[in-house]
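Trainee: Mind looking at a prediction? Sequence and model below.
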Amino acid sequence: MNQRAVLNMTPAGKQRARALGIPFRGKPGPANAVTDVEGVLVGYSTIIEGDGKLNLGLGPVRTGVTAILPLGREGVGLACAAGYHSFNGNGEMTGMSWIEEAGSLSLPILITNTHAVGPCHRGVIDWVARNKPEMTSQWLLPVVGETWDGYLNDINGSHVTVDHAMAAIDSAAGGSIEEGSVGGGTGMNCYAFKGGSGTASRVVGYGHRDYTVGVFLQTNFGSRHELTIAGVPLGNELAGENPIESFFSGQPTGAGSCIGIVVTDAPLLPGQCKALARRVPLGLARTGTSGSHFSGDIFLAVSNANPDALNGRFPQGPATEESYGHMDFIPWGRMDDFYTAVVQATEEAVLNALVANHDMIGRDGNRSPALPHDKVVAALKARGVISG
């Protein structure tokens, strides 16, 4: 595909947000994905089984695992600067105590459903033991994030296994990546439409060179009435078919959670990575959410520049005049363009997750409708946001 096609379509031929004519600010990378950051790989295990009824022990399985490798498989074990932000802690991302302490990350990042954190955590350890056995002489503290897919998925059925987690890491690749109902996003919903996995990137010019900021989201948040696209509140216009919020009638809406991973090749300090993570909620807000109490929204940002400068391995021998670490980093006063890139890419990643999707029926016949492209386009044309 040429770049225009890549920006408009996923590898499976599903439309992305730009295919609808939705306008976005900023310059995207070649694939408009987190994988535009050199070295980054993304892999999926997508698990869909059963016809929506609990039968034959299979059950209505609509779930999976996403793996993000900031320095690829060969770079597992090399420390990257990292920082996280919990916008709302009604969720989970393991390993954050160590990231807060050391400011670094050296393992694959996995995202799955709420009740599958355990096998994914173990899966990272088993993958490292198989592929990087020298690393297992020290402790491993995997990073696993989660969002809740119990409306469509038999979440208590232990369908995600260690093997699924390892397969997601093994399948990770660069270039254009699939979006929508894939990987950990398979059973997720967003603004009471079918949600899931979405990504986008922005190129930041920095004098002598360009850097890339990529965002990957597992979207599972927002109430229908909140949905805003290109600054236009559309939730009420799209309220007609809403089986998800009808199912949860009388309960607070907007629950579910969002996990966001930001990766950049710009050299950053751990505190600067944390500052990037804090900007993800600003991008989410552009799509309408006010941040439900029942939505665990947790974000991690990683810089894969300065590889291994922040390693925490056991020292060898006594300290000498060579026993110092060294890092380049963007001056704090020049960070604003990187903040803007996170906000812009986050907004687009949400809409990519919504647009690159289809209706899904899951457990007990529960149905999640896809965002109606034609109604969105008509509403935006009526307001002059889209020409034609």
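Mentor: Done, it's in.
Trainee: those helices in the stretch 201-350 of the chain, which residues are they?
Mentor: Secondary structure of the stretch 201-350 of the chain (DSSP state H, counting those that start in this stretch): helices located at 243-247, 270-286, 336-355.
Trainee: Show me the strands in the stretch 1-150 of the chain, by range?
Mentor: Per DSSP state E, counting those that start in this stretch, the stretch 1-150 of the chain carries strands over the ranges 41-49, 61-69, 80-88, 104-105, 109-113, 143-147.
Trainee: ranking those strands by burial, who's on top?
Mentor: Most buried of the strands of the stretch 1-150 of the chain by mean neighbour count (mean count of other Cβ atoms under 10 Å) is strand 109-113; its value is a mean of 30. No exception for glycine: its C-beta is placed from N, CA and C like everyone else's.
Trainee: what's residue 210 in contact with, if anything?
Mentor: Residue 210 makes contact with 203-204 under the criterion Cβ atoms under 8 Å, 6 or more residues apart in numbering.
Trainee: Distance of it relative to residue 121?
Mentor: Separation of residue 210 from residue 121 (Cβ to Cβ, to the nearest Å) stands at 36 Å.
Trainee: same question, residue 258
Mentor: Going from residue 258 to residue 121 by Cβ to Cβ gives 20 Å.
Trainee: now swap in residue 174 and tell me
Mentor: 25 Å.
Trainee: can you check residue 324 too?
Mentor: Between residue 324 and residue 121 the computed distance is 34 Å (Cβ to Cβ).
Trainee: quick one: which of those two has more around it?
Mentor: Comparing residue 324 with residue 121 by other Cβ atoms under 10 Å, the one with more neighbours is residue 121, at 20 against 7.
Trainee: Run through the residues that contact that one.
Mentor: 94, 110, 142, 144.
Trainee: Can you name the two of those residues that sit furthest apart?
Mentor: 94 and 110 (9.2 Å; Cβ to Cβ).
Trainee: Need the overlap of contacts for these two.
Mentor: Counting by Cβ under 8 Å, 6+ apart, the contacts common to residue 94 and residue 110 are 121, 142-145.
Trainee: From residue 118, how far out is the residue lying closest to residue 94 once chain neighbours are set aside?
Mentor: Closest residue in space to residue 94, ignoring its immediate chain neighbours: residue 144 at 4.8 Å, by Cβ to Cβ, 6 or more residues apart in numbering. Distance of residue 144 to residue 118, given as Cβ to Cβ: 9 Å.
Trainee: thinking again about what came up before, with distance to residue 76 added, can I get the contacts of residue 121 in TSV?
Mentor: Formatted as TSV, the contacts of residue 121 follow (distance: Cβ to Cβ, whole Å):
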residue	distance to residue 76
94	17
110	12
142	11
144	15
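Trainee: Correct me if wrong: residue 229 contacts residue 287.
Mentor: Yes - Residue 229 lies in contact with residue 287 (Cβ atoms under 8 Å); the separation is 7.1 Å.
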